[in-house]
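**Q** starting from these lines, generate the structure:
(one chain, ligands or ions: 2)
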Amino acid sequence: MSLNCIRIPHKKNTENCETIRYTVPKTVSIPMCQHMGAPCEPLVSVGDEVKVGQKIGDSEAFMSTPVHSSVSGKVIEIENILFANGRECKSVKIECDGKQTVSEDVKPPVITDKDSFIKAIRESGCCGLGGAGFPTHIKLNFDENKTPVDSLVINAAECEPYITSDYREMMENPEDIINGIKTIQSILKIEKVYICIEGNKPKAIDLLSNMTSQDNSIKVVNLSCSYPQGAEKVIAYNATGRTVREGELPLNQGIIVINVSTVAFLNRYFKTGMPLTWRRITIDGDAVKSPCNVKVPIGTSIAELLKFAECDESKVKKVLTGGLMMGMCVYDLNTPVVKTNNAVLALKKDKKSPQTNCIRCGRCINACPAGLMPTELEKAYNQKDADRLKSLRVNLCMNCGSCSYVCPAKRNLAETNQLAKLFVSEKG
Ligand code: SF4
Ligand code: SF4
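**A** Ligands and ions are numbered 1, 2, ... in the order given. Below you'll find the predicted structure:
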């Protein structure tokens, strides 16, 4: 058995661009909802002085993770921000003093057992850096008596066009990745580790293979270059051969999937105590003159990043955060960089060819890694038939965009599925 995948262009223009440190901006706006789950409440008020690494937002909700300041300076506003996904939340706007004074609270965590390990990860503000933003302390806090885990899958596929943020992490900080893996592996007592990298990154495969050649518990998996290799269920299957069934998490199959940059961040946090305050962002797209990878304080505006990469704004028709296949359109360039961002793409075109009628070619069905029938889902959604959508298992759609990509009639299948999922959840 294999899961359906498609071939897409890689466009990894920035793969050899070493990460540049971005200068501290004049202001940052740090949203209180950068992760999956409940938003944080600000712990600071207008006029307060803050330092780098200081906790500025937290929540008592189970599904949440704290937010820290990425700069030193003064809080000048608690504003409301509307994200492209329709989510609105409070955001702490800080006027930077340029000194980047580090908070006294920033100290390496003391980790003696699983409880202190999980508590430390929560305090780091870490969430999945591949884009999903699932709080990492919840993902790793499984009950080994109920759901034993024997496999740790490191998601280093980075299968979306343009993005090279994870690749640069592998090339620049391989020790952080290996040491982060070993810490997780030893505390959670996980037998086997699979570092999964697409075959279009041979240097990263060689580097990590050489570094782990003496350790039989760690295997570097050379994935075929197809999309969506980085989808959680796809990579779990391709690494371990186990199928994550409908309604299951990888955990139910004894697997934890974690992004490669998340693991590297955790190792740096264990060493220094500096929480999640910056991201490596790939800035690219055909409207960008100087594509690059940049280390950016969280809260920096996308407009500043585009200026930094010499983007010709007069030619830009569309800006995305994330990749071409799953990225979100930015409707306001003042939108800040958040923890889950790994790329900003500025494109000259905003429209594909006009839609025509479905010619029933079946390509969308052959392309779907979840085994769905996008053309039938579209029909059921247009008829507002919630029961049919449920029986067609619309909830399994992972929004990978493969169906839209292959459709010769240019139908907006993936977008329709998102609306259909919302419609079904509203119908209950
Ligand atoms: S977007 Fe959904 S329906 Fe379309 S190919 Fe991906 S998983 Fe299948
Ligand atoms: S790929 Fe497009 S044209 Fe072909 S069956 Fe699917 S929706 Fe119809």
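**Q** CA only for contacts and neighbour counts going forward, please
**A** Fine.
**Q** all helices of this protein, in order?
**A** Counting by DSSP state H, the chain has helices at residues 114-123, 136-139, 165-172, 174-188, 202-211, 232-240, 260-272, 302-308, 363-367, 374-382, 386-391, 402-406, 413-427.
**Q** what helices or strands is the fourth one leaning on?
**A** This points to helix 174-188. Contacts defined by 3 or more Cα pairs under 8 Å, 6 or more residues apart in numbering; DSSP states H and E place helix 174-188 against helix 114-123, helix 260-272.
**Q** my read is that K99 contacts V52, right?
**A** No - using Cα atoms under 8 Å, K99 makes no contact with V52, being 9.6 Å away.
**Q** any shared contact partners between those two?
**A** S72 (Cα atoms under 8 Å, 6 or more residues apart in numbering).
**Q** who's more crowded, the two?
**A** Neighbour count, other Cα atoms under 10 Å: between K99 and V52, V52 has more, with 23 against 12.
**Q** next up, the contacts around that one.
**A** V52 makes contact with H68, S69, S70, V71, S72, Q100, T101, V102, S103, T277 under the criterion Cα under 8 Å, 6+ apart.
**Q** near ligand 1, which residues of the stretch 201-350 of the chain show up?
**A** Residues of the stretch 201-350 of the chain found near ligand 1 (Cα under 6 Å from any ligand atom): none.
**Q** just for the stretch 201-350 of the chain, where's the confidence low?
**A** For the stretch 201-350 of the chain, the stretches flagged by pLDDT under 70 are 350.
**Q** strands of that one, start to end?
**A** Using DSSP state E, counting those that start in this stretch, the strands assigned to the stretch 201-350 of the chain run over residues 218-223, 255-259, 278-284, 292-297, 318-321, 328-329, 343-347.
**Q** endpoints of stretch 39-55, how far apart?
**A** Counting by Cα to Cα, to the nearest Å, you get 14 Å between the two ends of stretch 39-55.
**Q** list the buried residues for that stretch?
**A** Going by neighbour count (16 or more other Cα atoms under 10 Å), the buried part of stretch 39-55 is P39, C40, E41, P42, E49, V50, K51, V52, G53, Q54, K55.
**Q** just to revisit the earlier point, can you lay out the helices of the chain as JSON lines showing mean neighbour count?
**A** Shown next, in JSON lines, are the helices of the chain (neighbours: other Cα atoms under 10 Å):
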{"stretch": "helix 114-123", "mean neighbour count": "18"}
{"stretch": "helix 136-139", "mean neighbour count": "20"}
{"stretch": "helix 165-172", "mean neighbour count": "22"}
{"stretch": "helix 174-188", "mean neighbour count": "18"}
{"stretch": "helix 202-211", "mean neighbour count": "15"}
{"stretch": "helix 232-240", "mean neighbour count": "21"}
{"stretch": "helix 260-272", "mean neighbour count": "22"}
{"stretch": "helix 302-308", "mean neighbour count": "18"}
{"stretch": "helix 363-367", "mean neighbour count": "21"}
{"stretch": "helix 374-382", "mean neighbour count": "19"}
{"stretch": "helix 386-391", "mean neighbour count": "16"}
{"stretch": "helix 402-406", "mean neighbour count": "23"}
{"stretch": "helix 413-427", "mean neighbour count": "17"}
